[in-house]
Each structure stands twice: as C-alpha cells, then as structure tokens.
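Trainee: Curious how this folds, go ahead:
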Amino acid sequence: MAQNSFASKIGFILAAAGSAIGLGAIWKFPYVTGTSGGGAFLLMFLAFTLLLGLPLLIGEFIVGRSTQRTALLAFKKLGHGRWSLIGYLGVIACFLLLSFYSVIGGWVLIYVGLGLSGTLSGRSPDEFGAVFGDVVSSPGIAVFGQFLFLFITLLIVLKGVEAGIERMSKILMPLLFVSFIVLVIRSLTLDGAMEGVRFFLQPDFSALTGDSVLFALGQAFFSLSLGVAAMLTYASYIQTKGTLNRSANMIVLLNIMVSLLAGLAIFPAVFASGLDPAEGPALLFVVLPAVFNQVPLGGFFMVLFFLLFTFASITSSIAMLEVVVAGVTDRLNEKKEIISKRNVTLLAAASVFAVGIPSALSFGVMSELQFFDGMTFFDVMDYVVSYILMPTGALLTSIFVGYIVDQRILQEEIQTSDTGKKLYPVWRFLIRYVIPVTVAIVMVSTWFNM
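Mentor: Below you'll find the model as predicted:
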C-alpha cells in the first residue's frame, strides 16, 4: 500500500476538488438551475457557496489537518470523544451515498458504451426517453453498470492515497476541464445559443421561490461534499503546514468553474434546440443526447460529455469509499484489531454494492416497492443522505468548530498569513452564528416542505 499522505499541495487540491466536483456539479446543478429560475438561482448558489460553504470547508480542513486523523478518530484526538458522532455520521452518509451514487455512475458508464457503439445516433427525443427507461429498468444493465462503476473506484482506492487517489486526480481533473472547455465552445457556437446564456447568467428574481433559495443552499453544501467528513479525511493526509485558506479558496473556485462550465455547455445547447431546460433529473440522459443529435459531430460531443461526466463521478466516488475505508481502518487499528486496509477496502466495496442493489432495481423490478409518499428505495436513500445526514453533519461540524475546538488551534491553522489574520474574525463569526442558524432553518423548512 502507498503511504497515506498527499505528495504535493496540488495533488491535495485536485483530489479534494475532485471529491466535490461530481454528480452535484454536472448532474444535479444543471437540472436544479433549470427548474429554479436560471440566473437568479445561480446567483444565490454563488453567494451561499462563498459565504457559507467556504467557511465550513475551512472548518473541516482544520479538524482533519490539526489531528492527522480520519473521521472516526479526529474528534476524539481533540479531546472530545462524544463529538465523534459527527465522524460516524459522515462515514454512514458516505456509505449510503455511494450505494445509490454508484447506480447513477453506472448509468453514465452504460451511456458511454451506447455512445461509442453508435446506438444513440439518429434517435428522436421520445426514443431517447425510451432508451433511458430501458437502461434504468433493466435489472441486468442497471446492476452491471453499478458493479462496473464500483469496481473502477475500488481499483483506484486500493492503490492508496499517493499512488491511487492523488495520481488519478492529477490525470482526471485536467481532462475534465479541457473536455468541458471544448464542449462549451461547441455549445456556444450553435444558432440560438445566446438565449440559453441569458437564461443561465441573467438573473430574473421574479422566478425565485422559497424552494429555490432552499435548493441553492443545499446545492452549495452538496457540491462541496460538506457534512460527510470527506474533506476532513483528505485534510488529514496533508503532512506539510501551509495556508488552508488558499487551498480552500482554490477548491471552491474550481467547483464554481465546473458548475459554470456545465451550465454554459448545457443551457445554450438546450435552448438552441428548442427544448425545455426544466426537464429535471432526466436532463442529461434524455434532453442532451437529443440536442447532440441535432448538431454536426453530435455523436463525438455526446461521447465526450459522458466521458467527462464519468471522470467527475469517479473522483467523487473515490472520496466516498476512502472516507469509509480510512475511518473503519483507523478505528480497528485503535482497538488493536489489525486488519489490512486492502481487506477493509474489499469488504467496504462489496457491502456498498450489496446495499446499492435495491437502488439499482428501484426503477424496474422493485419500482412497486414504495415508501411514504410513493418514494422508491432509491428515493429513500437520497432523502436520508441529502436531507438528514448531510445537513446534520454540516450543522454539528459548524457548532463543533465554532464552540468546542480550542481557539488557539483555530488561530494556528488559519492565521498563517496576513490575510488569514485579517479574515479570521469574519470566518469565526460565520462559523459560530451564520452557518448553524442558516442550516437549521433550511433543515426545518425542507422537512416541512417534503
């Protein structure tokens, strides 16, 4: 196994950015933007990301780097064992999130194969809807896609932090940006593309609703992988002292850039083809293939899009599996129950796959099995993670960092530059007062609106 630390600062930044940039930025952000007012939603998302997401990200970094421990031991090392609940919630959240996230990742891999084989060429929008229905409802296809996605993730995590996670992040993240830039250029050159640009970038506050504001805040946290101990775990692998503020700023900047690139790649193409931007979750699997089929070299750009979608999904899934594996391994080692990280990784991946099978079957043979208000097993997993575990983790982390951690540790980790010293009071105010209150309000409002 490779040494459990990042070899370089850029490796850490790219890996952490990869953890954040995934389905949240490329799948969820575009369709939520499309259904929530376009430019006005984007502006709210940016404000929440900078004012709330960034301070909380720094908070998770502090807990990880100051302790050099992963999710299940970091809080205990700071002298507050009872607060280890946050770490356990993070590990459970990552486990459950990866169980249904891998299902969507499997769909993406299947679409890459369909695109390369030419199966997606020359179809009408209705036919694309039928193709998507066949993919998600076929037990064999859905489960195979999920297995393949998890297998790729497993191989990378088995390589360790430096040889696996860091090396693949250095390859996949630049490829992601280059591919996106090519796709954006092509999308912006389509006839009628500017209407999509205006929809995405020009705020129309009359289109904002209370739900839109709540979605924007939730998306800000979701897109940065906050509240699930992923950033804490990666920060624990930093061996050198440096400015956490700069690393956090760079990760947030990269995340915002990918979100903007996703919007500029998708909405101009959708409007140029006269399709509905408010299509919802099926936007990337039904609407976009129909768009690509209407433009020159559409087959090439369709495969390119799903390939970069795959890159982003895998960088996030790596972080989720690593959180589970690292947390369990450290906890077992502390109890003198020595089990190799390799065996823990294999067991964790197999367990995630088994728990995820019902989610993979939720749109086919298990579609009739519903809970509460018609929620499938997939929907239940999404609800538990997105509306209970993640916001609870974010709320508890902000309280722990703001009120429990020794202020000397906070100052030592943040005030490593003149800028850090000047911004420390602002950061501390946000982490102690603004973030807990805002997250609590969003949690309560979301639960009452569900």
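Trainee: alpha carbons only for contacts and neighbour counts from here, please
Mentor: Fine.
Trainee: Leaving out chain neighbours, which residue sits closest to residue 88?
Mentor: What sits nearest to residue 88 in space, not counting adjacent residues and going by CA to CA, 6 or more residues apart in numbering, is residue 72, at 6.0 Å.
Trainee: any idea how far residue 40 is from that neighbour?
Mentor: 39 Å (CA to CA, to the nearest Å).
Trainee: unless I'm mixing things up, residue 243 is touching residue 412, no?
Mentor: No - here residue 243 lies out of contact with residue 412, judged by CA atoms under 8 Å, at a distance of 10.2 Å.
Trainee: what's residue 358 in contact with, if anything?
Mentor: Contacts for residue 358 (CA atoms under 8 Å, 6 or more residues apart in numbering) come out as 366, 377-378.
Trainee: repeat that with 7 Å
Mentor: Counting by CA atoms under 7 Å, 6 or more residues apart in numbering, residue 358 touches residue 377.
Trainee: could you say which helix or strand contains it?
Mentor: Residue 358 belongs to helix 341-360 when assigned by DSSP states H and E.
Trainee: next SSE after that helix?
Mentor: Using DSSP H and E, the helix or strand that follows helix 341-360 in sequence is helix 377-383.
Trainee: now for that next one, which elements pack on it?
Mentor: helix 341-360 (3 or more CA pairs under 7 Å, 6 or more residues apart in numbering; DSSP states H and E).
Trainee: Please save the CA atoms from the helix it packs on in PDB.
Mentor: C-alpha atoms of helix 341-360 as PDB (Å, rounded to 0.1, in the frame of the first residue of the first chain):
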ATOM      1  CA  LYS A 341      -6.600  -1.600   4.600                       C
ATOM      2  CA  ARG A 342      -6.800  -3.700   1.500                       C
ATOM      3  CA  ASN A 343      -9.200  -6.200   3.100                       C
ATOM      4  CA  VAL A 344     -11.300  -3.400   4.600                       C
ATOM      5  CA  THR A 345     -11.500  -1.800   1.100                       C
ATOM      6  CA  LEU A 346     -12.600  -5.000  -0.500                       C
ATOM      7  CA  LEU A 347     -15.200  -5.600   2.200                       C
ATOM      8  CA  ALA A 348     -16.500  -2.000   2.100                       C
ATOM      9  CA  ALA A 349     -16.900  -2.000  -1.700                       C
ATOM     10  CA  ALA A 350     -18.700  -5.400  -1.600                       C
ATOM     11  CA  SER A 351     -21.000  -4.100   1.200                       C
ATOM     12  CA  VAL A 352     -21.800  -0.800  -0.700                       C
ATOM     13  CA  PHE A 353     -22.600  -2.900  -3.800                       C
ATOM     14  CA  ALA A 354     -24.900  -5.200  -1.900                       C
ATOM     15  CA  VAL A 355     -26.700  -2.300  -0.200                       C
ATOM     16  CA  GLY A 356     -27.000  -0.400  -3.500                       C
ATOM     17  CA  ILE A 357     -28.700  -3.200  -5.500                       C
ATOM     18  CA  PRO A 358     -32.200  -2.300  -4.300                       C
ATOM     19  CA  SER A 359     -31.500   1.300  -5.500                       C
ATOM     20  CA  ALA A 360     -30.400  -0.100  -8.900                       C
END
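Trainee: Need the pLDDT of the closest residue to residue 118 other than its chain neighbours.
Mentor: Spatial nearest neighbour of residue 118, chain neighbours left out: residue 299 (7.6 Å); criterion: CA to CA, 6+ apart. On pLDDT, residue 299 comes in at 81.
Trainee: State whether residue 299 is indeed within a strand.
Mentor: No - the assignment for residue 299 is helix, going by DSSP: H, G, I helix; E, B strand; the rest coil, so no strand is present there.
Trainee: do you know how far it is from residue 186?
Mentor: Distance, residue 299 to residue 186, by CA to CA: 13 Å.
Trainee: about what we covered before: burial count for the residue nearest to residue 118?
Mentor: 21 (other CA atoms under 10 Å).
Trainee: Run through the residues that contact it.
Mentor: Residue 299 neighbours (CA under 7 Å, 6+ apart): 115, 121, 292-293.
Trainee: Likewise for residue 61?
Mentor: Contacts of residue 61 by CA under 7 Å, 6+ apart are 231-232, 235.
Trainee: Among these, which one lies nearest to residue 362?
Mentor: Of all those, residue 362 sits closest to residue 231, with 30.3 Å by CA to CA.
Trainee: Pull up the gap between the closest one and residue 300, please.
Mentor: On the measure of CA to CA, residue 231 and residue 300 end up 35 Å apart.
Trainee: The two: which is more packed in?
Mentor: More crowded of residue 231 and residue 300, by other CA under 10 Å: residue 231, with 30 against 14.
Trainee: Check whether that one really touches residue 60, as I assumed.
Mentor: Yes - with contact defined as CA atoms under 7 Å, residue 231 reaches residue 60; the gap is 6.1 Å.
Trainee: quick one on the thing from earlier: among the contacts of residue 61, which lie within strands?
Mentor: Within these, no residue falls in strands by DSSP state E.
Trainee: Once you drop chain neighbours, what's closest to residue 129?
Mentor: residue 286 (5.5 Å).
Trainee: next one: phi and psi at the one you found?
Mentor: phi -120, psi -50 (degrees, to the nearest 10).
Trainee: distance of it from residue 277?
Mentor: Shown here: residue 286 relative to residue 277, a distance of 12 Å by CA to CA.
Trainee: between these two, which one's more packed in?
Mentor: A side-by-side neighbour count of residue 286 and residue 277, using other CA under 10 Å, places residue 277 first with 24 against 21.
Trainee: In terms of helices and strands, where is the closest residue to that one other than its chain neighbours?
Mentor: The shortest distance from residue 277 to any non-neighbouring residue, by CA to CA, 6+ apart, is to residue 34 (5.0 Å). In this structure, residue 34 sits in helix 29-35 according to DSSP H and E.
Trainee: So which elements touch that helix?
Mentor: Applying 3+ CA pairs under 7 Å, 6+ apart, one finds that helix 29-35 contacts helix 244-272.
Trainee: Which elements pack onto the helix it packs on?
Mentor: helix 9-20, helix 29-35, helix 54-67, helix 167-188, helix 193-201.
Trainee: what packs against the helix or strand that that helix is followed by?
Mentor: Next helix or strand after helix 244-272 toward the C-terminus (DSSP H and E): helix 287-292. Helices and strands touching helix 287-292, by 3+ CA pairs under 7 Å, 6+ apart, are helix 125-137, helix 298-334.
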